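A.B. asks: Any chance you could fold what I've pasted below:
(chains A and B)
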Protein chains: 2
Amino acid sequence: MENSALFIKMVLSNWQTQNGRLSALLDKLSDEELAKETAPGRNTGVYLLGHMAAVHDGMLTILGFGDRLYPELDEVFIHNPDRSGLPKPSTPYLRDCWKKVSETLEQHINATQPDEWFKRHNSVSEEDFLKEPHRNKLNIIINRTNHLSTHLGQLNYLSPRS
Amino acid sequence: MENSALFIKMVLSNWQTQNGRLSALLDKLSDEELAKETAPGRNTGVYLLGHMAAVHDGMLTILGFGDRLYPELDEVFIHNPDRSGLPKPSTPYLRDCWKKVSETLEQHINATQPDEWFKRHNSVSEEDFLKEPHRNKLNIIINRTNHLSTHLGQLNYLSPRS
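C.D. replies: You can find the predicted model right below:
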């Protein structure tokens, strides 16, 4: 296999594994479990669900995949903390956002040509990209996989102890 | 920049960022804070510190970098859970293990030639590697960065709430 194709497969395979783990965990947790804090005084499951949906929705524009589906989530789930007092959408609605965002991202990811992954993403200027060519679209996937893993570790604390 | 060099830089740069975050967090947390559970009934900071040191120590052999420094950590921190009743090394000793393992890994990583990263690691057979060439040494770095991120999210819960 050619190196670029191999490398893309490595990155996407880790992204898909971690996304799959998060989706499986969300499917397993009830709305009541998601309403709880992941640890005393820490983010609730609902907040982290909204946060993940918002951050991944933002990847649609950063990666040049098109318009965002739920830009309104940012105010509550990125720009403000859990106990902001802002009204939150219902948990079933947020579950739906997560699913739709995941499906949409997956479709675009699968349709992306190998060369495209090594192009500049929309959060880095053309000037900076010339100096830092590793700040490409595939690097966003690596970075967001780690972001997801961080919150997956926290959301795991909502599962009953074995 | 040549493509392989670029991939390697992307993966190692994310690995170093996440390792740096964990090391900075460990430096910030006192031994008393590390002794606490990251959430009620969940792993303590000390257990996760030992777990991370053990898993990263194991990378030395998986990546063909040489003999492990602290193979005895596996029994307490990988093969058994936190409340196994097995005696744990002291926290200062575990901090030292983490630092030495991190430094040793970093030296080997920096000395690794580009082509070497796309070769088979020692946890996959030659036969399987022929069918799954993405199971190379660089993939171990991607995978372990995600593992680290998962536990970093949990260890963050030992920091005082802001």
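
A.B. asks: Residue A:155: helix or strand, and which one exactly?
C.D. replies: For residue A:155, the host element (DSSP states H and E) is helix A:137-155.

A.B. asks: for the lengthiest helix in chain A, what is the average pLDDT?
C.D. replies: Counting residues, the longest helix in chain A under DSSP state H turns out to be helix A:3-28. What helix A:3-28 shows for mean pLDDT is 95.

A.B. asks: Kindly export the following helix or strand past it (C-alpha atoms) in CSV.
C.D. replies: Heading C-terminal from helix A:3-28, the first helix or strand you meet, by DSSP H and E, is helix A:31-34. Only the C-alpha atoms of helix A:31-34 are listed here, as CSV (Å, rounded to 0.1, in the frame of the first residue of the first chain):
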residue,chain,number,x,y,z
ASP,A,31,-31.1,9.9,29.8
GLU,A,32,-31.1,9.8,33.6
GLU,A,33,-27.5,8.5,33.7
LEU,A,34,-26.5,11.2,31.2
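
A.B. asks: Is chain B within reach of helix A:31-34?
C.D. replies: No: Helix A:31-34 stays clear of chain B (CB under 8 Å from any CB of the partner chain), getting no nearer than 13.7 Å. Glycine gets a C-beta too; all of them are placed from N, C-alpha and C.

A.B. asks: If I take whichever helix or strand comes after that helix and helix B:137-155, what angle do their directions form?
C.D. replies: With elements assigned by DSSP H and E, the helix or strand that comes after helix A:31-34 is helix A:45-62. Angle, helix A:45-62 to helix B:137-155, by axes from the mean of the first three to the mean of the last three CA atoms, to 10 degrees: 140 degrees.

A.B. asks: which of the residues in helix A:45-62 are buried?
C.D. replies: A:45-60, A:62 (16 or more other CB atoms under 10 Å in any protein chain shown).

A.B. asks: got the end-to-end distance for stretch A:75-89?
C.D. replies: 12 Å (CA to CA, to the nearest Å).

A.B. asks: average pLDDT for the helix holding residue A:155?
C.D. replies: So the average pLDDT for helix A:137-155 ends up being 98.

A.B. asks: Between helix A:3-28 and that helix, find me the angle.
C.D. replies: Using the same axes, to 10 degrees: helix A:137-155 against helix A:3-28 is 30 degrees.

A.B. asks: so how far is helix A:137-155 off the chain centroid?
C.D. replies: 7 Å (CA atoms, centre = their mean, to the nearest Å).

A.B. asks: check contacts around the residue nearest to residue A:86 when sequence neighbours are not counted.
C.D. replies: Once flanking residues are discounted, residue A:86 sits nearest to residue A:76: 4.9 Å by CB to CB, 6 or more residues apart in numbering or on different chains. Residues near residue A:76 by CB atoms under 8 Å, 6 or more residues apart in numbering or on different chains: A:50, A:84, A:86, A:87, A:88, A:89.

A.B. asks: now do 10 Å
C.D. replies: Contacts for residue A:76 (CB atoms under 10 Å, 6 or more residues apart in numbering or on different chains) come out as A:47, A:50, A:51, A:54, A:82, A:84, A:86, A:87, A:88, A:89.

A.B. asks: Likewise for residue A:141?
C.D. replies: A:8, A:11-12, A:14-16, A:59, A:63, A:105, A:109, A:117, A:121, B:10.

A.B. asks: Including distance to residue A:95, could these go into CSV?
C.D. replies: Shown next, in CSV, are these (distance: CB to CB, whole Å):
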residue, distance to residue A:95
A:8, 29
A:11, 27
A:12, 24
A:14, 24
A:15, 20
A:16, 19
A:59, 19
A:63, 23
A:105, 16
A:109, 21
A:117, 29
A:121, 28
B:10, 32
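
A.B. asks: Centre-most residue in chain A?
C.D. replies: Nearest to the geometric centre of chain A sits residue A:56, at 3.4 Å (CA atoms, centre = their mean).

A.B. asks: Look up the pLDDT of that residue for me, please.
C.D. replies: We have a pLDDT of 98 for residue A:56.

A.B. asks: I'd guessed it sits against residue A:108; true?
C.D. replies: No: in this structure, residue A:56 is not within contact of residue A:108 by CB atoms under 10 Å, at 11.6 Å.

A.B. asks: Can you classify residue A:83 by secondary structure?
C.D. replies: Look at residue A:83: counting by DSSP: H, G, I helix; E, B strand; the rest coil, its state is coil.
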